[in-house]
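Chemist: Give the three-dimensional model of this entry:
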Amino acid sequence: MARHIGIPYRHNGRGQDGLDCLGLVVSFYRSLGIEVPDGDGQPIPQDWWKHDPERYLRGILAHGKPVEGPLQPLDFVYFTLTQGVVTHGGVMVDRQRFIHVMEGHSVMVTRLGSWWQRRLAGARRLV
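Modeler: Purely as a prediction, here's the structure:
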């Protein structure tokens, strides 16, 4: 986890020079030896959610299983931040906090407080 903290946000970012939230999820799991899909191989436009609202989750929902019950470390969590569309995700690092990155910020660990709980759309257990 520590190697990801502080990496800046970059749309379509997939490396140490910048990550978007899907890039972070892929990199985080990959650092643990777990492969998850890195998108669909096509460039992701800034307003992708307007044209293909299912795009963020399409590949990931094919892996793991839905989380029922309390969240655990390494659960993939995803959120509706834009017009009811899942546009953001992260990975639980303990039962209270998750690692993620947002536009205008660097990779950070955030408490899953009430603001995030209201926007939590679901979680997958990939391990």
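
Chemist: Where does the residue nearest the centre of the chain sit: helix, strand or coil?
Modeler: In the chain, the residue lying closest to the centroid (Cα atoms, centre = their mean) is residue 89, at 2.5 Å. With DSSP: H, G, I helix; E, B strand; the rest coil as the basis, residue 89 sits in strand.

Chemist: give me the low-pLDDT residue ranges for this structure?
Modeler: Applying pLDDT under 70 to the chain flags residues 40.

Chemist: coming back round to it: nearest spatial neighbour of the residue nearest to the centre of the chain, chain-adjacent residues omitted?
Modeler: Closest residue in space to residue 89, ignoring its immediate chain neighbours: residue 78 at 4.2 Å, by Cβ to Cβ, 6 or more residues apart in numbering. The C-beta positions use only the backbone N, C-alpha and C, and glycine is treated the same way.

Chemist: What strand or helix carries that neighbour?
Modeler: strand 76-82 (DSSP states H and E).

Chemist: Contacts for that strand next, please.
Modeler: The contact list for strand 76-82 (Cβ atoms under 8 Å, 6 or more residues apart in numbering) reads 25, 29, 36, 49, 56-57, 60, 64, 71, 86-92, 98, 112, 116, 119-126.
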